[in-house]
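> Here you go, sequence then predicted model.
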Amino acid sequence: MRHLYGFLVLGVCLGACGPSGDSDDDGTPGPGEDCDNDSAPEVVVQEVASGQPVGFAVDVVAQVSDPQGINTVSLYYRTEGAPTFAFTFMSNDATGSDDLYMATIPASVVQAPGVDYYVRATDQVSPCTEETFSPAAAPDEWDHFETELDLSNLPYYADFDGEDACAESSLASFDWLAAHQSFPQSIHNWRLDDRNPLSGDCSASHSEGIPGGFWECPPPDGEGTIVRKNWLISPPMDFRGKDSISVRWFERRVASGLCGEAHQLYVSTGAPDPDAGDYQLIADLALPGSAWTSSEWHDISAYSGSETVYVALYYEGGSAGRWQVDDFYVGEPLADLRLVTVDELSSSTGPGSSAVALNVTVENVSETYASTALTATLTSSDPAITISGSTSTLPALEPLAQAELDGGSFSFDIGSTHPDNSYLDFAMLLDDGLGHQWTIPIRLLLGEESSVTVGASAQEDFTLELGHGSPEAPDYSVEVEASELVDADWVLNVTSEAAHLPPGPGSRRWFVKASNSGSVAATLDSAVFTVGGVETAAEHVPLIVEPGQSAVVFVPQPPDLHVQEFQTSPESASPGVENRLQGLQLRNDGAPTAGPVSCVLGSPDADATGFDTAPVTFGETLIGSGEVRTADGDFVVTVGAGHTDNSPVALTLLCTDGSDTDTISFELPIPYAHPVIELVRVDDSDGDDDGLADAGELVDVYVTIRNDGAFATDEAVEAVVSAGDGSTAVYTLSANDALDYGSAPLEVDAALESSNSFQLNVDSSALLGDSIVLDVVLTAGSDSWTEQMTVEVTGLPWLPCPEPDDPMGDVVSAAGGFDIKGCSYRSDGEMLQVKLDSWTEYDPSILFLDFFFYEVPNQYSVESVGGNVSFEDGCVFGDDLPTTVPIVLDLSSPTAAIARVSLDDMNILGNNTQVAFGSGSCPNVYFCDTYPAGALTFTIEQGTYNCDGDDYISINW
């Protein structure tokens with residue numbers, strides 16, 4: 001049974017599906033083709049049991065094998081009685097087994113009275129593909145399972161607590177459904193949550209994702225593209241025979257980040273699938289606070305008499321707060337019981353106190369409905385609280401009446417490890433014995449409330465974030481725009497985070513992050529925690545934050561550990577052997593550590609292995625501020641024998657002091673000889689003698705190498721040249737003999753040209769901008785190094801465009817990362833290459849880029865959309881043009897794009913033209929960045945597109 005689904009149908013077959021439903025290959029060889037296929041796939045489909053609940057997706061699993069290999073496995077399905085089958089491909093990606101394939105029948109198909117389905121598999125033999133159906137007579141026959149609609153009667157009550165532990169259960173355990181309409185990741189949807197439920201061990205919770213805005217907020221709060229649209233859907237309920245029906249639940253919200261969010265209540269008397277469009281909005285809901293509170297009573301009597309009703313809570317927003325829901329009730333309206341007063345804890349009560357009495361007064365705020373005498377049970381999800389007197393009674397309450405417990409007070413014990421100055425949260429469960437239940441949240445304050453006061457000075461676009469854990473992915477965080485503070489400090493109640501509050505670092509250290517996206521400097525002035533009347537202030541403030549920058553301060557100030565020095569054995573660390581780091585010293589440039597420090601050595605480098613997983617200690621006491629401490633033992637690392645390029649190996653120390661865990665990065669030098677290619681010389685004296693490898697020429701190539709390593713090579717160097725991958729020119733390589741570099745070792749920083757050459761015969765079809773990629777293996781004794789060299793066809797120098805660089809950072813938005821800088825060009829009279837440079841690295845997979853060429857009276861453009869290139873006429877939305885030479889757009893450089901086009905294809909008869917450029921797709925203005933500025937002025941809303949060539953750049957060759 002699946003309760004998380006996407007309501008997606010991937011294919012449709014008209015009528016009963018045969019072999020052509022998902023493949024054009026019918027397995028029959030054509031004339032003259034040989035057919036040799038010994039077997040068809042074997043298919044065993046796991047039976048789907050009848051009784052599947054209506055509206056819930058169903059997984060189908062099949063074991064499929066064939067010695068010839070499997071080509072496709074397809075699942076066909078339909079609601080019983082439907083005229084057509086739909087199909088989807090089955091996959092083994094999620095099963096963990098090569099021969100187990102799975103696909104999902106969408107919830108929208110799992111309807112009454114049942115579902116028909118069958119499986120088809122094909123093998124990889126071509127052209128005589130074999131296929132197998134299950135059942136064998138499909139598509140004329142099919143497997144089938146019945147569905148059932150398990151209706152819940154009213155009153156309906158869900159506390160999300162079952163026999164299994166919360167972590168071992170799911171919403172499906174209670175027949176609730178989590179559905180998403182965007183961003184389909186279950187960790188960011190509705191789920192069960194064992195964090196501070198109101199009653200029992202579980203609540204339903206909409207995850208906040210990663211607090212602190214790991215993803216940018218969607219509009220209107222930002223320009224992010226991830227919008228969560230998630231539904232929490234009740235089991236189907238029977239409203240027949242009922243006249244007055246209401247829904248009520250308890251909820252809380254843990255604020256996190258700046259992204260906005262919306263909460264809504266819906267009802268459907270049709271399909272549970274939100275995409276079916278049957279849900280009707282009941283109410284827009286106010287966002288709750290951080291303490292458990294009751295929702296309003298929402299009247300849904302308009303749906304009384306309906307046989308099947310789904311009630312749903314809907315969340316829409318970015319990476320925002322956590323919405324928790326518990327004790328969900330649907331039924332006749334009841335007395336509305338609320339807490340009026342609760343006895344405050346005495347000043348002598350603290351961690352370790354026992355038999356603490358708890359008395360409450362309850363009011364029925366309903367003006368219409370009364371309650372009978374009720375049993376009362378006190379519960380708490382706080383593991384450090386033990387309820388010693390958990391039961392009492394509450395007398396009957398008429399409308400607007402109040403009463404105290406008449407069965408004696410509750411009592412509880414507080415564990416000695418419970419944080420002081422914290423909230424104690426309880427839930428009082430009330431029951432009338434007739435199927436009606438009430439939950440009343442109770443919160444007591446142990447000690448004093450704790451707060452944080454943050455001061456800042458800013459004029460615009462200055463964000464403050466408070467949290468604990470890693471600032472990149474915090475465990476808890478809250479954000480505010482400084483503009484909302486109106487010259488006042490930012491004051492937050494953080495009592496609920498008592499376990500992590502200063503003065504000690506706790507299990508997670510606090511931080512204040514200030515981000516300035518404005519145009520003028522701002523200042524983080526102060527950050528002061530007040531806990532139990534004691535203030536702990538951030539150090540190193542006030543702190544100036546320049547435009548475009550961010551800064552982080554920690555409270556309390558953390559240690560700042562660095563590797564100061566170490567020795568190696570052998571004396572120079574070497575590849576292929578075990579290297580010992582001896583006498584490694586850590587220097588603490590920050591606050592004292594919380595306790596003694598121990599570290600484990602590791603590395604992100606694949607060449608580093610052989611680490612000892614046992615921690616190495618740095619003494620038995622904390623490391624003080626400014627102190628240098630030497631390790632009590634050696635660290636061990638083995639460097640791969642192939643690490644001979646004179647580069648260091650990146651190492652990391654993962655260190656802990658019992659509170660913080662810190663990763664310290666440093667490098668281990670691996671000195672070695674390292675010959676590299678420095679220069680390539682082309683001798684085309686038998687051709688036009690211009691020093692270039694032109695089309696149709698036979699050239700000799702000499703290669704200069706230089707030793708940029710730390711040692712001389714052991715012996716003389718020679719080089720073997722072979723064809724490499726990625727060449728775009730057709731050529732013939734003649735390299736019968738190794739390149740010779742004399743008989744002596746190559747000294748450090750010495751350079752030598754080969755005394756002999758190899759030959760390249762460049763085919764006459766090669767064009768300007770084509771390249772020949774060659775692999776070069778350099779050897780000196782037992783050592784070898786692999787290099788790659790590129791010889792450009794007609795490698796003319798690039799000429800700079802006669803136009804000042806475009807300003808950095810003037811893009812309207814990200815533009816795929818392409819922030820235009822400037823351009824250059826070259827031409828051999830037949831082909832034209834234009835190179836556009838970017839200030840920043842870009843992503844070619846999402847890049848939108850246009851090269852415009854204006855050759856009076858015609859306009860041409862080379863356009864890339866995600867790497868797909870087209871050649872068009874006109875300004876925008878032009879027609880595709882034929883070409884005599886294929887257009888080439890080289891996006892291999894992270895900061896440049898190079899377009900190559902034939903001069904004949906643009907009817908360029910002379911040695912000049914005009915160019916302009918646009919990058920990125922932005923609303924209304926069309927391009928996010930243009931070059932030169934003013935050359936391309938578009939207003940989409942008015943339908944104006946100005947690219948008349950007046951401000952284009954003239955280039956001459």
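The structure has been received and is ready for your questions.
> Just the element for His562, please.
Using DSSP states H and E, His562 falls within strand 561-569.
> and the next element down the chain from that strand?
Downstream of strand 561-569, the first helix or strand assigned by DSSP H and E is strand 578-588.
> tell me the angle that next one makes with strand 561-569.
If you take axes from the mean of the first three to the mean of the last three CA atoms, to 10 degrees, strand 578-588 sits at 150 degrees to strand 561-569.
> For the stretch 801-950 of the chain, which residues score under the pLDDT cut-off?
812-816, 924, 940-945 (pLDDT under 70).
> and if we set it to 80?
810-817, 856, 875-878, 922-925, 937-949 (pLDDT under 80).
> residues near Thr913, how many?
Residues lying near Thr913 (other CB atoms under 10 Å) number 24. From N, CA and C alone the C-beta is placed, and that goes for glycine too.
> Count the neighbours of the nearest residue to it once chain neighbours are set aside for me.
Distance criterion CB to CB, 6 or more residues apart in numbering; nearest residue to Thr913, sequence neighbours excluded, is Glu855 at 5.2 Å. Using other CB under 10 Å, Glu855 has 17 neighbouring residues.
> got it, and Asp850?
Around Asp850 there are 24 residues (other CB under 10 Å).
> any idea how far it lies from Leu796?
In this view, Asp850 and Leu796 are 25 Å apart by CB to CB, to the nearest Å.
> again, but for Val541
Using CB to CB, one gets 57 Å for the distance from Val541 to Leu796.
> What of Asn946?
According to CB to CB, Asn946 and Leu796 sit 33 Å apart.
> out of these two, which sits in the more crowded spot?
The residue with more neighbours, out of Asn946 and Leu796, is Leu796; 17 against 13, by other CB under 10 Å.
> Enumerate every residue touching the more buried one.
Going by CB atoms under 8 Å, 6 or more residues apart in numbering, Leu796 touches 692, 768, 826-828.
> try 10 Å this time
Listed by CB atoms under 10 Å, 6 or more residues apart in numbering, the contact set of Leu796 reads 690, 692, 768-769, 825-828, 833, 957.
> Centroid-wise, who is the farthest residue in this protein?
Within the chain, Asp686 marks the point farthest from the mean C-alpha position, 57.8 Å out by CA atoms, centre = their mean.
> Name the nearest residue to it, sequence neighbours excluded.
Nearest one to Asp686, counting by CB to CB, 6+ apart, is Leu698 at 6.2 Å.
> That neighbour: neighbouring residues, count only.
Using other CB under 10 Å: Leu698 sits among 14 other residues.
> Now for it: which residues touch it?
Leu698 touches 684, 686-687, 732, 734, 759-762, counting by CB under 10 Å, 6+ apart.
> what pLDDT does it get?
Per-residue pLDDT puts Leu698 at 96.
> Can you tell me how far it is from Leu692?
Leu698 is 13 Å from Leu692, by CB to CB.
> Is Val119 bridged to anything, and to what?
When bridges are called by DSSP bridges, Val119 pairs up with Leu75, Ser134.
> Please look at Ser861 and Leu889 and confirm they touch.
No: look at Ser861 against Leu889 with CB atoms under 10 Å: they stay out of range, at 11.6 Å.
> How about the secondary structure of Ile955?
strand (DSSP: H, G, I helix; E, B strand; the rest coil).
> is it true that it touches Gln833?
No: Ile955 is not in contact with Gln833 according to CB under 10 Å; the separation is 11.0 Å.
> so what sits against both of those two?
Joint contacts of Ile955 and Gln833 (CB under 10 Å, 6+ apart) are 824-827.
> list the contacts for the residue lying closest to Ser519 once chain neighbours are set aside?
Nearest non-adjacent residue to Ser519, counting by CB to CB, 6+ apart: Pro547, 5.4 Å away. Contacts of Pro547 were listed using CB under 10 Å, 6+ apart, and they are 460-462, 516-522.
> Ala899: which of these is nearest?
Closest approach between these and Ala899, by CB to CB: Ser517, at 34.1 Å.
> Distance check, that closest one against Gln459.
From Ser517 to Gln459 the distance is 12 Å (CB to CB).
> that older thread, neighbour-wise, which of the contacts of Pro547 leads?
Ala522 (27 neighbours).
> List the contacts of the residue nearest to that residue when sequence neighbours are not counted.
Take Ala522 and drop its neighbours on the chain: the residue closest to it by CB to CB, 6+ apart is Ala458, 3.6 Å away. Ala458 is in contact with 464, 481-483, 485, 514, 516, 518, 520-525, 545, counting by CB under 10 Å, 6+ apart.
> show me where pLDDT drops low in the stretch 551-700 of the chain?
659-660.
> Going along the chain, name the strands of it.
Taking DSSP state E, counting those that start in this stretch as the criterion, the stretch 551-700 of the chain contains strands spanning 561-569, 578-588, 598-602, 608-609, 616-617, 628-630, 635-639, 649-656, 661-668, 675-683, 698-707.
> Out of the ones you listed, the one nearest Leu752 is which?
Closest of the strands of the stretch 551-700 of the chain to Leu752 is strand 698-707, at 6.2 Å (criterion: CB to CB).
> which parts of that closest one are buried?
For strand 698-707, burial by neighbour count (16 or more other CB atoms under 10 Å) applies to 699-703, 705-707.
> With stretch 63-77 instead?
Residues of stretch 63-77 classed as buried: 64-66, 68, 70-77 (neighbour count, 16+ other CB under 10 Å).
> Ok, stretch 666-682 next?
Buried residues in stretch 666-682, counted by 16+ other CB under 10 Å: 668, 670, 672-677, 680, 682.
> roughly how far out does it sit from the chain middle?
Offset of stretch 666-682 from its chain centre (CA atoms, centre = their mean, to the nearest Å): 37 Å.
> rewinding a little: list just the nearest of the contacts of Pro547 to Ala401.
Closest to Ala401, out of all of the contacts of Pro547 and judged by CB to CB, is Phe462, at 51.8 Å.
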